[in-house]
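Chemist: just need the structure, nothing else, for what follows:
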Amino acid sequence: MRKEYDFRDATRGPAVAQTGKTRITIMLDADIVAAFRARASDTGRGYQTAINRALREYLANDGLETTLRRVVREEFRHAGSPSAPAESIRDAGAIPRYVVERESSEGSSAVSLKTRPDGFTAYGVDGCSAGWFVVVARPVGRPEWLVVPRIDCLVSQVEAIDRIYVDIPIGLPHGPDERECDKAARRLLGQPRGSSVFRVPVREALSATSLAEAGEISLKATSREGVKGKKVTKQTFAILPKIAEVDDLMRRSGKARAVIREIHPEVCFAGLGRGPMKNPKRLTAGFEERREVLNGVWPDIDELIDDALDGTLRKDVKRDDVMDAAVAALTACQNEKMLKCLPASRRKDCCGLPMEMVYAEAGCVQRLDSRSAASTRVADSLAKQKRM
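Modeler: Below is the predicted model:
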């Protein structure tokens, strides 16, 4: 060795530079470092290499959320779970993350939404930003969920004896008078929950392309001598496309008219809970209040709610969308003879569509479980066929 070395032109770093690598100082939690050291020991690689691979996978998979979804889907697929969300195989551009059909446990073919032979399948549907959120209650087995871009995607796959209960106005007013079912629902709910029953627009307003245009159409259609008409609210205008979608389907499809009925979730929850809910549904207290009501007669729904909330984004499916679809599905499962209707006598609009709301009361509700969800529904299915 020399007695002296000249390091004036030296550069800090490894003796042999590594292309594409950058040395940095980073503070990590001790438990994270320990976990990666343990993994490195098992695989025979350095723990820093393991950390680098984890970060690269995070970036390649567009973030931790996507990675977690992939892992959860793989685990459910290996377990053969029928309720795990999978990638959509139809209209991927409209709903890229969600389900229209589900893969079989072998992953080779899609499972149809059609019913099993021992009873009808009940579908609870609520509109959401991604399309329509659906809770499926088959005759046997745990409930499932899915998202469809259009409601006719669902109607095309169900059987004639099935039921689709949806939170959307069916049967629209013509002229200044409100629908009797809306007025009856407000009386049943009282205040403040009665305010959740909004004024349903006249059919002429469905073609409007702006809030102002819809307001003018409604104002003209609902005015009468000495009484000023009503405009369309911003809340109502936001769901006009969904109202128009269902209205068009109901008017042109006999099958849709046979299987689809209208519910209002707050009316359904009031029936099941022996009175209107105390808290607004958008608050956490309201969410938990409604969840408790559902759990009282449908224990399996708790797992579905968590699964649906974990498997969707809040910008696409909100918490109350899941709850509203769930209570619609529970209502659709009930013995038809025990269902209540607002108003008591059925009314129809000028196109022959029913203007009614269906709900069930606590004392008449059939408890559901995964072992025999349809134990009392086979006879009801036959009664439904006779009614059609």
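Chemist: Asn335 against Glu361, yeah?
Modeler: No. Between Asn335 and Glu361 no contact is recorded; they are 11.9 Å apart, counting by C-beta atoms under 8 Å. All C-beta atoms are positioned from the backbone trio N, CA, C, and that covers glycine.
Chemist: mind jotting down where the strands sit in the stretch 1-150 of the chain?
Modeler: If DSSP state E, counting those that start in this stretch is used as the criterion, the strands of the stretch 1-150 of the chain fall at 102-103, 110-111, 122-128, 131-137, 144-148.
Chemist: so for the first one, mean pLDDT?
Modeler: Yep, that's strand 102-103 we're talking about. For strand 102-103, mean pLDDT rounds to 34.
Chemist: circling back: worst average pLDDT in the strands of the stretch 1-150 of the chain?
Modeler: Ranked on mean pLDDT, the bottom entry among these is strand 110-111, at a mean of 30.
Chemist: let me have the strands of the stretch 1-150 of the chain in a markdown table, extended by mean neighbour count and distance to Pro192.
Modeler: Listed next are those as a markdown table, based on neighbours: other C-beta atoms under 10 Å; distance: least, C-beta to C-beta, whole Å:
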| stretch | mean neighbour count | distance to Pro192 |
| --- | --- | --- |
| strand 102-103 | 19 | 39 |
| strand 110-111 | 12 | 42 |
| strand 122-128 | 27 | 21 |
| strand 131-137 | 27 | 25 |
| strand 144-148 | 26 | 29 |
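Chemist: JSON lines for these, including distance to Glu292?
Modeler: What follows is these, written out as JSON lines (distance: least, C-beta to C-beta, whole Å):
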{"stretch": "strand 102-103", "distance to Glu292": "29"}
{"stretch": "strand 110-111", "distance to Glu292": "32"}
{"stretch": "strand 122-128", "distance to Glu292": "18"}
{"stretch": "strand 131-137", "distance to Glu292": "17"}
{"stretch": "strand 144-148", "distance to Glu292": "20"}
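Chemist: for Arg257, find the nearest of those.
Modeler: Of all the strands of the stretch 1-150 of the chain, it is strand 122-128 that lies closest to Arg257, at 15.3 Å by C-beta to C-beta.
Chemist: residues contacting that closest one, please?
Modeler: Taking contacts as C-beta atoms under 8 Å, 6 or more residues apart in numbering, the residues outside strand 122-128 that touch it are 132-137, 147, 151, 154, 158, 162-168, 239, 242, 263, 265, 316-318, 321-322, 324-333.
Chemist: report the angle between it and strand 144-148.
Modeler: Put simply, strand 122-128 runs at 50 degrees to strand 144-148, going by axes from the mean of the first three to the mean of the last three C-alpha atoms, to 10 degrees.
Chemist: pairing partners for strand 122-128, with directions?
Modeler: Here strand 122-128 has these sheet partners by DSSP bridges: strand 131-137 (antiparallel), strand 163-166 (parallel).
Chemist: for Gly296, find the nearest of the ones you listed.
Modeler: For Gly296, the closest of the strands paired with strand 122-128 is strand 131-137, at 16.0 Å, according to C-beta to C-beta.
Chemist: need the CA coordinates for the closest one. CSV is fine.
Modeler: Backbone C-alpha positions of strand 131-137 (Å, rounded to 0.1, in the frame of the first residue of the first chain) are rendered in CSV as follows:
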residue,chain,number,x,y,z
GLY,A,131,-75.1,1.9,-13.8
TRP,A,132,-77.3,-0.2,-11.5
PHE,A,133,-76.2,-2.0,-8.3
VAL,A,134,-77.9,-5.4,-7.9
VAL,A,135,-78.2,-7.7,-4.9
VAL,A,136,-79.1,-11.2,-5.9
ALA,A,137,-80.9,-13.6,-3.6
